[in-house]
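**Student:** Structure, please.
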Amino acid sequence: MGGDREPGPDFLDLPVESPNDGRAVGGPALDWWPTKQIAERQRMLRQQGTAALVLWREYWHTRKGTLHTADLLAAAKDAEEAGAIWLAASLWDFLHPVYEEWRGQPARLTREVYRGVVGFLRERDIAEWHHRMTHALPETILDWELAEIVRPRGPRHVVALACLNVR
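**Tutor:** Take a look at the predicted model:
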């Protein structure tokens, strides 16, 4: 991967006190929170306990694919695994959906690189994303406008775009 920093998850362990009643949060929970919302979400957990956990699906809209990526990153044993997870998550999002401008060669190249990365993950017994999961990452740089002007012509272009996606 490009750049001078080592790939890996930037996890922040946030202990949160929860109510001492039936709404107490029973154990650790993993989610992907925007930095700007950390204080608000901590407050909600402190005040509402498990009721706030239910809101993760309804109010915070963390998608299953994103939670799966967070789980994979949390379990990564080394920087190589973490980098492969980041790369595969970006490629997954580039392929789901495939924008019309990327149909044909760009999609084939992206699938080819994805299969290679997933082969590595399978060798390490790391699960990939279920075909019905969307949004492996909370955000992606590739949208229909960028897809119109950026068309990878080789695997290196696909990997470079994926690296930009996780910066």
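
**Student:** Following the chain onward from the helix or strand of the chain with the lowest mean pLDDT, which element is next?
**Tutor:** Here the helix or strand of the chain ranked lowest by mean pLDDT, DSSP states H and E is helix 50-58, holding a mean of 68. Note on helix 50-58: by DSSP states H and E, the next helix or strand toward the C-terminus is helix 64-75.

**Student:** show me where pLDDT drops low in this structure?
**Tutor:** Scanning the chain for pLDDT under 70 picks out the ranges 1-13, 27-29, 53, 55-61.

**Student:** From Gly65, how far off is the residue most central in space within it?
**Tutor:** The residue lying closest to the centre of the chain (C-alpha atoms, centre = their mean) is Leu137, at 2.8 Å. Note on Leu137: its distance to Gly65, by C-beta to C-beta, to the nearest Å, is 8 Å. Quick note: C-beta positions are derived from backbone N, CA and C, even for glycine.

**Student:** can you check Ala51 too?
**Tutor:** From Ala51 across to Gly65, the span is 25 Å (C-beta to C-beta).

**Student:** So those two - more neighbours on which side?
**Tutor:** Gly65 (21 against 13; other C-beta atoms under 10 Å).

**Student:** what's around the residue nearest to the more buried one when sequence neighbours are not counted, how many residues?
**Tutor:** Nearest non-adjacent residue to Gly65, counting by C-beta to C-beta, 6 or more residues apart in numbering: Met133, 3.6 Å away. When neighbours are defined as other C-beta under 10 Å, Met133 has 17 of them.

**Student:** which phi and psi does Met133 have?
**Tutor:** Dihedral pair for Met133: phi -80, psi 140, per degrees, to the nearest 10.

**Student:** Sweet, I'm off.
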